[in-house]
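**Q** Turn this into a model:
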Amino acid sequence: GGNQDRSMSIGTVVAPVCGDGTINGDEECEQDGDCVTGEVCNECACETAPYCGDGNLDEGEECDDGNNNNDDGFSALCDFEYASITVAKNSTHNATFNFTDPRNAPFTLTNGQSITYENLTANGTNYTFTENLSLGWNLSSVECVGGIFSIIPNSTSILVQPHPNEQIVCTFSNAFVVDL
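**A** Predicted coordinates:
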């Protein structure tokens, strides 16, 4: 016979590489679809997929309290649930009334005006609003609609205790009692 090339090619053994698209060796998966429902592929191992309500703060979640209940401060979508409180003014004469809010910051209202505090933490957080009465005025009443409140005895302050998703409106009513 003639000259025939009798050289032999020896292949290179390549160790399995996670992410190469082929499940090799100890790899359980290469992508999420290789795992059973409810699991994800993480570094070629199938793991329980993170979900809202699992008690772990996962990417994209503001919070995770370990359940899927709404109205407990944390939504079933793992977002915080907030409340709002509106302070409104009703008076027998037009005047400017001075208040302090829960941060002890001053604000003023005249008859018919209101101010709203939004995105307030609910469930266990108390907010105090105080009217600082001007000479000649008395506080006739304070009424809050939409939530729990209490009037602090011997004062012109209220304590509001919002629950998640409540929109509370508290109206301070004043009467002019002395003509100065």
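
**Q** any weak-confidence spans in the chain?
**A** 1-15, 179-180 (pLDDT under 70).

**Q** Give me the distance between the spatially most central residue of it and residue 58.
**A** For the chain, the residue sitting closest to the mean C-alpha position, by Cα atoms, centre = their mean, is residue 80 at 1.8 Å. The spacing between residue 80 and residue 58, counted by Cβ to Cβ, to the nearest Å, is 15 Å. C-beta here means a position set from N, CA and C on the backbone, and glycine is covered the same way.

**Q** one step back: right, and the residue nearest to the centre of the chain touches residue 70 too?
**A** No - using Cβ atoms under 8 Å, residue 80 makes no contact with residue 70, being 11.7 Å away.

**Q** which residues touch residue 134?
**A** Contact analysis of residue 134 by Cβ atoms under 8 Å, 6 or more residues apart in numbering lists 95, 96, 97, 98.

**Q** go on, residue 168?
**A** By Cβ under 8 Å, 6+ apart, the residues touching residue 168 are 83, 84, 85, 86, 144, 145, 146, 147, 149, 160, 162.

**Q** same thing with residue 166?
**A** Residues counted as contacts of residue 166 (Cβ under 8 Å, 6+ apart) are 83, 84, 122, 146, 147.

**Q** right, and the third one touches residue 160 too?
**A** Pointing back at residue 122 there. No - between residue 122 and residue 160 no contact is recorded; they are 10.5 Å apart, counting by Cβ under 8 Å.
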